[in-house]
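compute the structure for the input listed below.
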Amino acid sequence: MQRKIDFIKANADASRIDPRPTNFSQSEINAYFAERRVKMPDGVKSVRFVLTPGTVTAYTTVDFDEITAKARSHNPLLAIFSGTHDVQVVADAISEGGMTHVIVRSVVLDGVSIPHMALEMFIERWVNPKYPSIRLDGEYKLPARIDTVAIRARQGVVTQK
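Numbers count the residues shown, from 1 in each chain. Below you'll find the predicted structure:
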């Protein structure tokens, strides 16, 4: 996977871009993350992805106390975000023209669905101070002259322009 990432970076700097798609299999993505080749946010202990057409499901183990250590809240709605828990996040991702639109459809913490209102409060309180652009429904510019990222069954396909 590192070789493919290096190709995408070099291709972005090339005077004539190679338009051929770069395929990332679900298993190589998961192995890359399992090897900790990607710096994960504080508190995220592990992550595994399942890719289906247009949708990414992430299975994570999160230590919320590590995330919230610098700023506690007495809001009872946010009390669920303490301790270490297994979290499942399902998000739709659609990209074109160098932008991707991500819509978080659901978050399940230890088998319990978390209301969007509580998620929005959590993101505002603890995520946005470090990552201000993160939203449950957000539009993001793709790096490295990436035009599209297509999420397919067990693979992601990156195309550059």
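
any regions of this protein where pLDDT drops low?
Counting by pLDDT under 70, the chain contains low-confidence residues at 72.

can you give me phi and psi for the spatially most central residue of it?
In the chain, the centroid-proximal residue (CA atoms, centre = their mean) is Ala58; its distance is 7.8 Å. Torsion angles at Ala58 (phi, psi; degrees, to the nearest 10) stand at phi -110, psi 130.

which residues does the residue lying closest to it once chain neighbours are set aside form beta bridges with?
Leaving aside its chain neighbours, Ala58 sits nearest to Val89 (4.6 Å; criterion: CB to CB, 6 or more residues apart in numbering). From N, CA and C alone the C-beta is placed, and that goes for glycine too. Assessed by DSSP bridges, Val89 has beta-bridge partners Ala58, Val107.

what about Asn23, distance to Asp13?
Using CB to CB, to the nearest Å, we find Asn23 at a distance of 21 Å from Asp13.

apologies, that question was intended for Val107.
Distance, Val107 to Asp13, by CB to CB: 37 Å.

got a list of contacts for the longest helix seen in the chain?
In terms of residue count, the longest helix belonging to the chain (DSSP state H) is helix 2-13. Residues from elsewhere that reach helix 2-13, judged by CB atoms under 8 Å, 6 or more residues apart in numbering: Ile17, Asp18, Thr22, Phe24, Tyr32, Arg37, Pro143, Ala144, Arg145, Ile146, Val158, Gln160.

so which of these sit within strands?
Judged by DSSP state E, the subset of these located in strands is Thr22, Phe24, Ile146, Val158, Gln160.

wait, isn't Glu120 in contact with Leu136?
Yes - counting by CB atoms under 8 Å, Glu120 does reach Leu136; the two are 6.3 Å apart.

how about the contacts made by His101?
Ala93, Ile94, Ser95, Asp137, Gly138, Glu139, Tyr140.
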